[in-house]
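*Asks:* below is the sequence, then the predicted model.
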Amino acid sequence: MQIEYSIKYSNRKTLSIIVERDRSVIVHAPLNTSKEVIEKEINKRKFLLFQKINHPQKYEIPKPRKEFVSGESLLFLGKHHKLEVVQDAIYGIQLDSKFYISNSNQEKAEQLFKEWYFKQAEEKIIPKVKFHAKNLGVKFRAIKIVDLKYRWGSCTPKDNINFNWRLVKAPIYVIDYIIVHELTHLLEPNHTPEFWNIVSIQLPHYNKAKDWLKDNGHLLETEF
């Protein structure tokens with residue numbers, strides 16, 4: 001059973017191995033870590049890695065792209081909202097039980113929705129990161145809302161926290177879980193029992209969020 005992987009070296013202090021949603025295996029290693037040490041860690045976790053690579057959640061068949069016509073449904077904060085294309089002159093996107101867009105903007109609807117989701121992600125996620133960081137007693141350098149392809153969030157070796165803009169499509173309690181998960185990596189880089197203990201103290205019902213992601217995470221994978 002051979003595990004194919006790529007290595008990313010940085011100034012981090014510990015080695016971690018991540019299986020992305022496209023099934024690729026990434027080793028994040030401190031500078032000057034030997035290939036022998038990395039191979040040893042890969043072999044030590046080979047069975048677990050094999051399970052993760054073959055987990056059905058790791059890859060979903062993409063759904064057809066939206067056409068942005070009346071009646072289509074778009075996800076926001078865990079709820080589906082119908083889209084209505086109207087004759088009225090509307091600047092950008094409006095949400096009031098339904099999503100509304102002007103027919104004059106229909107051709108650039110994808111761009112407008114992406115801009116809208118990015119803005120909403122900044123407004124919803126960044127204040128929550130500050131709140132949870134204060135509760136955890138951790139400090140970070142910067143928060144960024146970015147276009148991560150296969151991850152909901154990441155914590156860099158330089159203590160920058162990144163979050164996928166698509167996360168704003170999930171329920172608030174799922175957003176809280178991802179935020180606490182990434183911030184906890186500032187205290188414990190790996191998913192050790194101590195890591196999960198810290199998460200459970202902050203969010204006693206975090207398994208509810210994990211279950212939602214297991215069942216619905218594929219809905220966040222697509223652009224809209």
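*Replies:* Thanks, I have it.
*Asks:* kindly list the longest strand within this protein.
*Replies:* strand 79-86 (DSSP state E).
*Asks:* quick one: mean pLDDT for the next helix or strand after that one?
*Replies:* Counting by DSSP states H and E, the next helix or strand C-terminal to strand 79-86 is strand 94-96. Strand 94-96 comes out with an average pLDDT of 94.
*Asks:* hmm, who's touching strand 94-96?
*Replies:* 76, 81, 100, 101 (Cβ atoms under 8 Å, 6 or more residues apart in numbering). To be clear about C-beta, it is placed using only N, CA and C from the backbone, and glycine gets the same treatment.
*Asks:* could you do stretch 104-115 as well?
*Replies:* 66, 68-69, 74, 85, 89-90, 92-93, 101, 165, 223-224.
*Asks:* hmm, back to that, contacts for the longest strand of the chain, please.
*Replies:* Contacts for strand 79-86 (Cβ under 8 Å, 6+ apart): 68-75, 95, 97-103, 106.
*Asks:* if we can go back for a sec, least confident pick among the contacts of stretch 104-115?
*Replies:* Of all the contacts of stretch 104-115, residue 223 has the smallest pLDDT value, namely 68.
*Asks:* surely residue 12 is in contact with residue 190?
*Replies:* No - shown here, residue 12 and residue 190 do not form a contact pair, counting by Cβ atoms under 8 Å, at 11.1 Å.
*Asks:* okay, the two: which has more neighbours?
*Replies:* More crowded of residue 12 and residue 190, by other Cβ atoms under 10 Å: residue 12, with 17 against 11.
*Asks:* got phi/psi on the residue lying closest to that one once chain neighbours are set aside?
*Replies:* Of all residues not flanking residue 12 in the chain, residue 157 sits nearest, at 3.9 Å (Cβ to Cβ, 6 or more residues apart in numbering). Dihedral angles of residue 157 (phi, psi; degrees, to the nearest 10) stand at phi -60, psi -20.
*Asks:* burial count for residue 157?
*Replies:* 15.
*Asks:* for residue 29, see how far away it is.
*Replies:* Noted for residue 157: a distance of 11 Å to residue 29, by Cβ to Cβ, to the nearest Å.
*Asks:* hang on, the earlier thing: most neighbours out of the contacts of strand 94-96, which is it?
*Replies:* residue 101 leads those on contacts (other Cβ under 10 Å) with 23 neighbours.
*Asks:* got the domain ranges for the protein?
*Replies:* 6-58, 111-221 (automatic domain parsing).
*Asks:* can you report how many residues neighbour residue 198?
*Replies:* 19.
*Asks:* how much space between it and residue 139?
*Replies:* 16 Å.
*Asks:* flag every buried residue along the lengthiest helix in the chain.
*Replies:* Among the segments of the chain that qualify as a helix by DSSP state H, the longest is helix 109-136. Across helix 109-136, burial judged by 16 or more other Cβ atoms under 10 Å covers 109, 112-114, 116-118, 120-122, 124-126, 128-129, 132-133, 136.
*Asks:* beta-bridge partners for the closest residue to residue 5 other than its chain neighbours, please?
*Replies:* The shortest distance from residue 5 to any non-neighbouring residue, by Cβ to Cβ, 6+ apart, is to residue 25 (3.9 Å). Note on residue 25: beta-bridge partners by DSSP bridges are residue 19.
*Asks:* so who does residue 25 touch?
*Replies:* 3, 4, 5, 6, 17, 18, 19, 49, 53.
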